[in-house]
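Colleague: Dropping a prediction and its sequence here:
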Amino acid sequence: MTYRPLAGALALATLMLAAALPARAEDKVPIRFTLDWVYQGIHGPFLLAKEKGYFDAEGLDVTIDQGEGSAATVTRIASGTYDAGFGDINAIIQQAASAPDTAPVMVYQVYNAAPFSVLTKADSGIASIADLSGKKVGGPASAAATKLLPLLLKVNSVDPAGVEVLNMQANLQEQMLLRGEVAASLVFNVTSYVNLLSQGQDPERDFRWIDFAANGLDLYSNGVMVSRRLAAEKPEAVRGLVRAINRAMVEVAADPALGVAALTSIEPLVNADAETARMRFALARVIETDETKRLGLGDLDDARLTRAIGSIAQAYGLERHPAATDIFDRSFLPAQADRMLGGTSQ
């Protein structure tokens, strides 16, 4: 007698079982992922994707680390320290202008509108960019909002020489505005919103937010970027990364508390109510735009990106203008139906 048919059947069953099981840790693609800042509510989708096993399901071993700024994400990836991260597309534009071979590429746009705002008290008398003429405004010298102010003023026909800019530390922006030391502050609005809440202020009632995006500087901002090496050598891993993040983004957009719960599971001392408010503010202000509702999460408009590249090149004096295709690669995006707000997720 021979038992070969049985042995063959067992072997086939073993192979089928192995294919059905999640990838072992040693078989997964390792991806070092850096955030733009310390853990906050806006990072909920990344943490949720990790917690719920969405990265694992894509065969990825993703390590998420806190960051040191939106622009620093680009530096970390360009240096090879990280494979991917959440950071500012405008910093990619600057990097690509001088070092295109090492500049990361954006593969999933999150902040469809840049969160740069002029923050002022509701009773300040400042209701438009034109009202900044003759006023003192504050902002960190190295911050994007401060660097972009001269261009913002020019496109609104305001002489930059007529606006005094006071250099200040980022953690003092709201305090100095409250004390009347400046008439307005140049802020990253998703950060400043919660800073005001933490100081017992009502950011909706008592303050006015004048967004750069609504006043002539229609820029994009933070999103998911990857190294060119990872994109070239492991494109399926990048697709899996984006697919997992998009899956969590759709869920958090529907229920921000899900992302904050993932955050508090690793940072139990954060203020869950404040971080939920931050995420809701980000969704309403910089994520769920008319363009996002038309194109779906993660995508952008090429013509608009080209104009944004021109604005960044002018503001920073870049000699080379990268093409939109140098900055953003939509080939890694999931199907549009899976990226629509209120639509079907994976």
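Modeller: Sure, I can see it.

Colleague: now what about the host helix or strand of Ile77, what contacts it?
Modeller: Ile77 belongs to helix 70-78 when assigned by DSSP states H and E. With contacts defined as Cβ atoms under 8 Å, 6 or more residues apart in numbering, helix 70-78 is touched by 34-37, 67, 82-88, 91-92, 94-95, 99, 102-104, 144, 221-222, 225-227. Heads up, the C-betas are built off the backbone N, CA and C, glycines and all.

Colleague: Could you identify the helix or strand that succeeds it?
Modeller: Taking DSSP H and E, what comes next after helix 70-78 is strand 84-88.

Colleague: Between helix 70-78 and the following helix or strand past that next one, find me the angle.
Modeller: The element immediately downstream of strand 84-88 (helix or strand, assigned by DSSP H and E) is helix 89-98. Counting by axes from the mean of the first three to the mean of the last three Cα atoms, to 10 degrees, helix 89-98 lies at 50 degrees to helix 70-78.

Colleague: Just the mean pLDDT for the helix or strand following helix 89-98, thanks.
Modeller: Downstream of helix 89-98, the first helix or strand assigned by DSSP H and E is strand 105-109. The pLDDT scores in strand 105-109 average 98.

Colleague: ok now strand 105-109, how far from the chain's centre?
Modeller: Here strand 105-109 is found 9 Å from its chain centre; the criterion is Cα atoms, centre = their mean, to the nearest Å.

Colleague: ditto for stretch 56-70
Modeller: Between the centre of stretch 56-70 and the centre of its chain there are 14 Å (Cα atoms, centre = their mean).

Colleague: what's around the closest residue to Thr34 other than its chain neighbours, how many residues?
Modeller: Leaving aside its chain neighbours, Thr34 sits nearest to Gly85 (3.8 Å; criterion: Cβ to Cβ, 6 or more residues apart in numbering). Per other Cβ atoms under 10 Å, the neighbour tally for Gly85 reads 29.

Colleague: Also Ala274?
Modeller: For Ala274, using other Cβ under 10 Å, the count is 17.

Colleague: How much space separates it from Asp206?
Modeller: Going from Ala274 to Asp206 by Cβ to Cβ, to the nearest Å gives 17 Å.

Colleague: Report the central residue of the chain.
Modeller: Asn222 (2.7 Å; Cα atoms, centre = their mean).

Colleague: hang on, isn't that one packed against Gly87?
Modeller: Yes - taking contacts as Cβ atoms under 8 Å, Asn222 lies within contact range of Gly87: 6.1 Å.

Colleague: For stretch 226-246, buried residues please.
Modeller: Buried residues in stretch 226-246, counted by 16 or more other Cβ atoms under 10 Å: 226-228, 230-231, 234, 237-246.

Colleague: Need the residues that contact it.
Modeller: Stretch 226-246 has contacts (Cβ under 8 Å, 6+ apart) with 29, 31, 45-46, 49, 54-55, 57-60, 62, 77-78, 80, 82-84, 101-105, 107-108, 224, 297-298, 329, 332-334, 338-339, 345-346.

Colleague: Would you map the helices across the stretch 201-346 of the chain?
Modeller: Secondary structure of the stretch 201-346 of the chain (DSSP state H, counting those that start in this stretch): helices at 228-233, 235-254, 256-266, 272-282, 290-295, 302-316, 324-327.

Colleague: Quick one: closest of the ones you listed to Val194.
Modeller: Closest of these to Val194 is helix 272-282, at 4.7 Å (criterion: Cβ to Cβ).

Colleague: picking up where we left off before, what residues are shared contacts of Asn222 and Gly87?
Modeller: Jointly contacting Asn222 and Gly87 under the rule Cβ under 8 Å, 6+ apart are 36, 70.

Colleague: ok but Thr120 is inside a strand, no?
Modeller: Yes - under DSSP: H, G, I helix; E, B strand; the rest coil, Thr120 sits within a strand.
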